[in-house]
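Novice: turn this into a model:
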Amino acid sequence: MTLRARTRTINLGYVDLERIDLLVQDRFYSNRSGMIRIAIRNLIDGHEDVVPKSIERHTMELGLRDYSVADRQVLRNVEEALHVKVVGLARIAADVTPELALATIGSISVLRALQASAEVKMAIADRVT
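Specialist: Numbering: from 1, shown residues only. Got it, this is the predicted structure:
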């Protein structure tokens, strides 16, 4: 079965769909959509400490944004990748090494200018859009 929510699609296997239908039939849920919506909401709620951080990391910033060695090291310590989205100037500090940039930058999208050492720019070239 394929479910559509605006422009998104979820594909479910027959076994999962039958299990959902049994729960609906036994009146645990009013319909398939309601059950799936509740299940997804509960799953997301189980990650409530992670979702706000993810939203923050994926937010586009306007103007000037500096990325220092300290920023990169914190991300490396928690094993998270930053997805940089800047309209304006993104500036990666001169003391950020290519290795540190690779370990902490998942993607980078800058609409205007990116300032970084030539080595860092070369290291993250495949992550720049």
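Novice: my read: Leu111 touches Leu89, true?
Specialist: No: look at Leu111 against Leu89 with CB atoms under 8 Å: they stay out of range, at 10.0 Å. (Each C-beta comes from the backbone N, C-alpha and C, glycine too.)
Novice: let me see the residues that make contact with the biggest helix by length in the chain.
Specialist: The single longest helix within the chain, with elements called by DSSP state H, is helix 32-45. Residues from elsewhere that reach helix 32-45, judged by CB atoms under 8 Å, 6 or more residues apart in numbering: 1, 3, 10, 17, 20-21, 23-24, 28-29, 51.
Novice: what about 7 Å?
Specialist: 3, 20, 23-24, 29, 51 (CB atoms under 7 Å, 6 or more residues apart in numbering).
Novice: any chance you could map the helices in the protein?
Specialist: Assigned by DSSP H, the helices in the chain fall at 14-25, 32-45, 51-57, 69-77, 98-104, 118-123.
Novice: can you redo those helices as JSON lines with distance to Gly63 and mean pLDDT?
Specialist: What follows is the helices of the chain, written out as JSON lines (distance: least, CB to CB, whole Å; pLDDT from 0 to 100):
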{"stretch": "helix 14-25", "distance to Gly63": "46", "mean pLDDT": "95"}
{"stretch": "helix 32-45", "distance to Gly63": "31", "mean pLDDT": "90"}
{"stretch": "helix 51-57", "distance to Gly63": "17", "mean pLDDT": "67"}
{"stretch": "helix 69-77", "distance to Gly63": "17", "mean pLDDT": "71"}
{"stretch": "helix 98-104", "distance to Gly63": "21", "mean pLDDT": "89"}
{"stretch": "helix 118-123", "distance to Gly63": "21", "mean pLDDT": "96"}
